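Asker: Sequence plus predicted model, see below.
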Amino acid sequence: MCSTVEALLKSCSQNNLSLNKKDIKICLLYVIEKSKTFLLTNPQYEVSKPKINEFNRLIQLLKSGLPLAYVIGNQEFYGYEYYVNSNVLIPRPETELIIPEILKRGDLIFNKNKKLTLIDAGSGSGCIGLTVACERPNWKIILLEKKLDCMDILKKNYVKYSNINCKIVASDWLKSIKQKVCDIVVSNPPYIESHSENIDSKVFKYEPHYALFSEEKGLNDIKLLISQSRLALKKDGLLFIENGFDQSNEVIEILKKNYYKDIDIILDYNGIKRFTISRNS
């Protein structure tokens with residue numbers, strides 16, 4: 001038995017008032033492998049029984065509380081689609097804000113030296129490093145990841161967007177990197193304090209804790225990243241770090257103690273000091 005997309009969406013929305021209508025629509029588009037435009041222009045398109053069953057399965061996962069990105073195994077980031085599962089963080093819209101800044105500052109380095117090496121430390125899904133690789137195919141991009149559970153997803157996205165300027169290296173932060181080899185290090189490390197109450201319940205329940213939480217009030221991994229980047233970065237190389245909403249001042253002090261200079265702050269959509277950029281001395 002078939003049903004039209006219009007009838008499916010209407011019925012599902014009426015029977016699942018707690019669910020976001022946009023999420024329901026995305027699940028249906030995912031199942032029928034069509035675009036949003038197709039949905040608008042073909043409301044009477046008939047969906048087969050097997051696809052209806054798959055759609056209903058996804059809706060049940062949504063109702064259980066599983067984030068949409070994990071339900072469909074996909075998340076958009078900076079115009080690119082990345083595979084995700086519960087082994088990697090879901091790429092966030094606020095993290096997209098750092099991409100233009102990386103590109104702008106990186107272009108200055110590349111135009112001067114005619115080459116550039118960027119390291120994405122703790123790549124996870126690879127959304128930061130692979131996005132930069134796609135935007136700047138003449139740069140050399142290194143994706144660092146230590147968690148084997150993340151590697152399948154990272155490799156899958158690497159194959160999807162790969163070109164000759166990008167490679168994956170298994171490394172605990174930057175331990176496997178030689179000294180003075182890169183122009184830019186970028187990372188979204190774990191920065192939430194263990195047992196913090198400032199975390200969404202769904203994030204806590206479904207997203208990987210090793211990518212969320214860090215010791216020493218959430219600063220342990222940031223400290224490691226800063227000290228290791230100091231060795232890996234060339235003189236005047238740039239370090240981009242995403243940090244917690246209340247950590248900016250502490251991150252700045254750690255950077256100063258490690259002799260970084262020209263420290264800048266980038267705000268997220270809510271005006272929170274979300275990113276810290278600094279230059280290796």
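Answerer: Received it, and whenever you're ready, just let me know what you need.
Asker: From here on, just use CA atoms for contacts and neighbour counts.
Answerer: OK.
Asker: Quick check: which element contains residue 87?
Answerer: Residue 87 belongs to no helix or strand when assigned by DSSP states H and E.
Asker: I'd guessed it sits against residue 208; true?
Answerer: Yes. Counting by Cα atoms under 8 Å, residue 208 is a contact partner of residue 87 at 5.7 Å.
Asker: So which of these two has more stuff around it?
Answerer: residue 87 (22 against 17; other Cα atoms under 10 Å).
Asker: ok, residue 83 - contacts?
Answerer: Residues near residue 83 by Cα atoms under 8 Å, 6 or more residues apart in numbering: 73, 74, 75, 125, 153, 156, 157.
Asker: I'd like the distance between the third one and residue 30.
Answerer: When Cα to Cα, to the nearest Å is the yardstick, residue 75 and residue 30 sit 12 Å from each other.
Asker: Show me which of these two is the more surrounded one.
Answerer: residue 75 (20 against 17).
Asker: Which residue ranges make up the domains of the protein?
Answerer: 3-64, 88-280 (automatic domain parsing).
Asker: And the strands in the stretch 1-150 of the chain, which stretches?
Answerer: Using DSSP state E, counting those that start in this stretch, the strands of the stretch 1-150 of the chain run over residues 3-4, 46-47, 74-77, 80-83, 117-121, 140-145.
Asker: The third one - what's its average pLDDT?
Answerer: By that I understand strand 74-77. In this model, strand 74-77 has a mean pLDDT of 97.
Asker: so how far is residue 206 from residue 213?
Answerer: 13 Å.
Asker: Of those two, give the one with the bigger neighbour count.
Answerer: residue 213 (22 against 16).
Asker: Who does the more buried one form a beta bridge with?
Answerer: residue 192 (DSSP bridges).
Asker: for it, what are its contacts?
Answerer: With Cα under 8 Å, 6+ apart, residue 213 has these contacts: 190, 191, 192, 193, 194.
Asker: Select only the buried ones of those in ChimeraX?
Answerer: Of the contacts of residue 213, the buried ones go into a single ChimeraX selection, burial set by 16 or more other Cα atoms under 10 Å:
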select :190,191,192,193
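Asker: okay, who's weakest in the contacts of residue 213 by pLDDT?
Answerer: Lowest-confidence member of these: residue 194, scoring 86 (pLDDT).
Asker: Just give the closest residue to it, not the sequence neighbours.
Answerer: Spatial nearest neighbour of residue 194, excluding adjacent residues (Cα to Cα, 6 or more residues apart in numbering): residue 213 at 5.5 Å.
Asker: can you check residue 23 too?
Answerer: residue 68 (6.8 Å).
Asker: was I right about that neighbour contacting residue 62?
Answerer: Yes. Counting by Cα under 8 Å, residue 68 does reach residue 62; the two are 6.6 Å apart.
Asker: These two: which has the busier surroundings?
Answerer: Applying other Cα under 10 Å to residue 68 and residue 62 shows that residue 62 carries more neighbours, namely 22 against 19.
Asker: Pull the contacting residues for the more buried one.
Answerer: Taking Cα under 8 Å, 6+ apart, one finds 19, 68, 71 in contact with residue 62.
Asker: same thing with residue 259?
Answerer: Counting by Cα under 8 Å, 6+ apart, residue 259 touches 280, 281.
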